[in-house]
Structure formats: C-alpha cells, structure tokens
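Participant: missing the sequence, but the structure's below:
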C-alpha cells in the first residue's frame, strides 16, 4: 500500500476526475483517457478492465455515463487498493479484483461482460530497459504475453460484446495475430501526435462473434500544429473535448 506522502492528486477531464497516483510509480497520461473515450458503453451495461492500475480508465468511463457495472482486475495489490480509493474519491462504483490474468477467481470466470477494455504493457519482454520502480516496470514491460490478454478478454466477453484496447503501433501485428480465431469485426484507429507523423499508438475495437471485414481508419491526430509551438498544449478541438470535457471518441463510420 502506498503511503500518503508517496501519492499525488491529479486532475483529469478538466477537473471532473481527481486521481491519486504514485509520485514515483506508474502515472497515467492521455492513453487511458483515450481508451475510456473510445468505449460506447451505456447505463446498465457491464465493463471489465484487465490491468486496471489505479483505475484511471474505468473512472473516466464511469464519469461519462452513470449506471454501469464497472469491474477492474489488477495484478499489483498496491495499485488495486489505489483503484478502490480512487473509485470512492470520485463516487464511482467500482469493484476491483486483485488477481493475475492467467488465474482469475472462479466467480469472475463465470461472468460475461458487454465490454472489456485493456491498456496492456507496451513493450515485449526484454525490449526496453526495466524501470527502477517495480510498479512502473510491470505496467510498461510485458510479463504476461499479449496473446493471453486478448484470449482472456475474448473469454470474458458476452456474445456480440466488444473489446477496446490501446497499444503501441509497432505491436499491431501481435494484436491482429492474437485476435485471429477469437474476435472479429476488427477496427484499427491509428493515433498520431501530429499531422504527417507516423502513428505511435493504435486503438483496437473487436467484437465477439463479429464477421465484418477489417477496417483500418484514417489516423486520429492529437495536435493542431505540425510542430510543437510554445509551452501550452495545442490539442485539436475534438481531442480537447475528450481530454478536458469527457466527451466520447466517435469512431469513423
């Protein structure tokens, strides 16, 4: 468990959400906010997040639409406890299960969800220098194979349910390979910081039992200018609406 002096209070969604985060551990950026915004969950539906960390994505999603059943699974007990604290701090009803994806509790294995979301570690095992902080190292460096993340997601989805996932663009081939035979109707939304730059991230939407052809959408561009100008953020208006005002990310048709 983190001590009070090890935590900071950080504002998300323009102050609509306040999150406790470790000063020296894994700290969320825009990625979980974009992930939460990409999910078209409705009141009354159920959402499971695999690897929920301190609850950033689920709480941002819960702030956008009340009345959802939100469940998070987190390997690290300190972060699972922090997610529970953040749920209470933001008055978001959030159940957090401390468990390994490869050994989910039996009662959780009996439940099917309308939506599963995930922000798996971005780097393959051994592909980056380990972080000095254990929590950050687990969050960024793959210990559980990406294939198992997507297999677990597909097993927990109800028929016609959706997986939404954010991942580095250079892991796209791994993502597609893991979805093969498990999920269909795949949509890929590349995310690039600026016009003319290569995509750094991808958002995936996939459906349990989906049969539609793969869609590769035009990139989602985060910033207005081709180069960074000054010290102030220059997000495009639609991205500003997502990050500051909690608006939903509308997938292209």
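Facilitator: Noted; the coordinates are in hand. Everything numeric in this text was worked out from a predicted model, so none of it was measured.

Participant: all contacts plus neighbour counts: C-alpha atoms, from now on.
Facilitator: Will do.

Participant: doesn't residue 241 belong to a strand?
Facilitator: No - read with DSSP: H, G, I helix; E, B strand; the rest coil, residue 241 is helix and lies in no strand.

Participant: what residues sit buried inside the host helix or strand of residue 174?
Facilitator: Using DSSP states H and E, residue 174 sits in helix 172-179. For helix 172-179, burial by neighbour count (16 or more other CA atoms under 10 Å) applies to 172, 175, 176, 178, 179.

Participant: where's the third one relative to residue 50, distance?
Facilitator: Counting by CA to CA, to the nearest Å, the separation of residue 176 from residue 50 is 18 Å.

Participant: and if you look at the second one?
Facilitator: Shown here: residue 175 relative to residue 50, a distance of 15 Å by CA to CA.

Participant: got it, and the first one?
Facilitator: Noted for residue 172: a distance of 19 Å to residue 50, by CA to CA.

Participant: who's in contact with the residue lying closest to residue 206 once chain neighbours are set aside?
Facilitator: Closest residue to residue 206 apart from its sequence neighbours, by CA to CA, 6 or more residues apart in numbering: residue 186 at 4.5 Å. Counting by CA atoms under 8 Å, 6 or more residues apart in numbering, residue 186 touches 204, 205, 206, 207, 210, 212, 213, 214, 215.

Participant: residue 186 - that's part of a strand, no?
Facilitator: Yes - assessed by three-state DSSP, residue 186 belongs to a strand.

Participant: which stretch of helix or strand covers residue 158?
Facilitator: In this assignment (DSSP H and E), residue 158 forms part of strand 157-168.

Participant: which parts of that strand are buried?
Facilitator: Across strand 157-168, burial judged by 16+ other CA under 10 Å covers 157, 158, 161, 162, 163, 164, 165, 166, 167, 168.

Participant: quick one: which two of these are the most distant?
Facilitator: Spatial extent of the buried residues of strand 157-168 (CA to CA) is set by the pair 158 and 168 at 26.4 Å.

Participant: spell out the residue ranges of the strands in this protein.
Facilitator: Along the chain, counting by DSSP state E, strands occupy 7-12, 17-22, 46-50, 69-74, 94-98, 113-118, 157-168, 184-192, 201-207, 215-216, 220-221.
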